[in-house]
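Student: Next comes the sequence, and after it the predicted model I'd like to discuss.
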Amino acid sequence: MGQPVAMHEHAMDNLRYIRETMERAGAFTAVPGWGGVWMGLTALAAAVIASRQSSFDAWFVTWMAEAAVALSIGAITMSRKASSAKQSLASAPARKFALSFAPPLLAGGVLTVVLYRHGLGSALPGLWLLLYGAGVVTGGAFSVRIVPVMGSCFMLWGALALLVPVSWGTMILALGFGGIHVVFGYLIARRYGG
């Protein structure tokens with residue numbers, strides 16, 4: 001028989017187990033409220049620029065640039081909020097959030113390429129809003145309650161976008177990516193910090 005386990009080692013193992021269990025069960029709270037506001041404001045600016053484009057290709061490039069800007073804003077502000085809250089972006093809740101958020105966005109990227117190549121750009125505003133909303137809903141399942149509500153608003157707005165005249169696309173995107181982000185970003189910032 002081996003030596004008995006020291007009491008402090010047993011206690012440390014139990015504490016480690018409890019800490020890991022709590023981390024896995026925790027919510028991802030680093031969703032950036034002010035980052036959402038900034039993403040909404042850049043979407044409103046992109047809508048103004050896109051509305052002045054004379055070709056679909058230029059309109060499309062405008063929104064692709066906006067997607068890159070919004071993604072950068074989201075990543076930077078999420079990292080800052082997590083850092084200030086001493087929350088790791090490698091924690092179990094953060095990984096669950098990312099792994100749930102990413103698939104609808106990847107599907108949206110693939111479908112964007114397919115629709116663009118086949119000249120079906122009129123479906124893009126609805127598709128983008130619908131799949132972005134799906135990502136926010138699924139990722140938000142591991143966050144605070146308001147996040148999946150925001151995602152549901154994007155999904156509802158995206159579904160509506162698929163039913164309205166094509167000429168409304170830029171306005172739909174402005175109110176969706178612009179308006180919804182600004183409103184919910186402000187609410188998240190006020191209720192849950194930064």
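Tutor: Right, received. Where do you want to start? No experiment lies behind these values; they were computed from the predicted model shown.
Student: From here on, just use CA atoms for contacts and neighbour counts.
Tutor: OK.
Student: OK, contacts around the closest residue to A123 other than its chain neighbours?
Tutor: Sequence neighbours aside, L162 is the residue nearest to A123 in space, at 6.4 Å (criterion: CA to CA, 6 or more residues apart in numbering). Going by CA atoms under 8 Å, 6 or more residues apart in numbering, L162 touches A123, P125, G126, L127.
Student: Just the closest of those residues to V182, please.
Tutor: Distance to V182 across those (CA to CA) is lowest for P125, with 18.1 Å.
Student: What about that closest one, how many residues nearby?
Tutor: 26 (other CA atoms under 10 Å).
Student: element containing it, please.
Tutor: Assessed by DSSP states H and E, P125 sits inside helix 124-140.
Student: In three-state terms, how would K86 be classified?
Tutor: coil (DSSP: H, G, I helix; E, B strand; the rest coil).
Student: actually A30, not the one I typed
Tutor: Per three-state DSSP, A30 ends up coil.
Student: Need the pLDDT of it.
Tutor: For A30, the pLDDT comes out at 75.
Student: For it, which non-adjacent residue is spatially closest?
Tutor: A82 (5.0 Å).
Student: and that neighbour, which of the three is it?
Tutor: Assigned by three-state DSSP, the conformation of A82 is helix.
Student: right, and it touches S88 too?
Tutor: Yes - taking contacts as CA atoms under 8 Å, A82 lies within contact range of S88: 6.3 Å.
Student: So which of these two has more stuff around it?
Tutor: Between A82 and S88, counted using other CA under 10 Å, A82 has the larger neighbour count: 20 against 15.
Student: Can you give me the pLDDT of the more buried one?
Tutor: 83.
Student: Kindly report the same for the one 5 residues further on.
Tutor: For Q87, the pLDDT comes out at 79.
Student: How many neighbouring residues does the residue nearest to it when sequence neighbours are not counted have?
Tutor: In this structure, Q87 finds its nearest non-sequential neighbour in A30, 7.5 Å apart by CA to CA, 6+ apart. Counted with other CA under 10 Å, the neighbours of A30 add up to 25.
Student: can you tell me how far A30 sits from E9?
Tutor: 33 Å (CA to CA, to the nearest Å).
Student: Contacts only, for the residue nearest to Q87.
Tutor: Each residue near A30 by CA under 8 Å, 6+ apart is listed here: M78, S79, K81, A82, A85, Q87.
Student: got it, and V137?
Tutor: By CA under 8 Å, 6+ apart, the contact list for V137 reads F101, V147, P148, V149, M150, G151, S152.
Student: SS state for W168?
Tutor: Going by three-state DSSP: W168 is helix.
Student: Please read the previous query as pertaining to V164.
Tutor: Reduced to three states by three-state DSSP, V164 is coil.
Student: Quick one: mean pLDDT for stretch 101-112?
Tutor: Rounded mean pLDDT across stretch 101-112 is 96.
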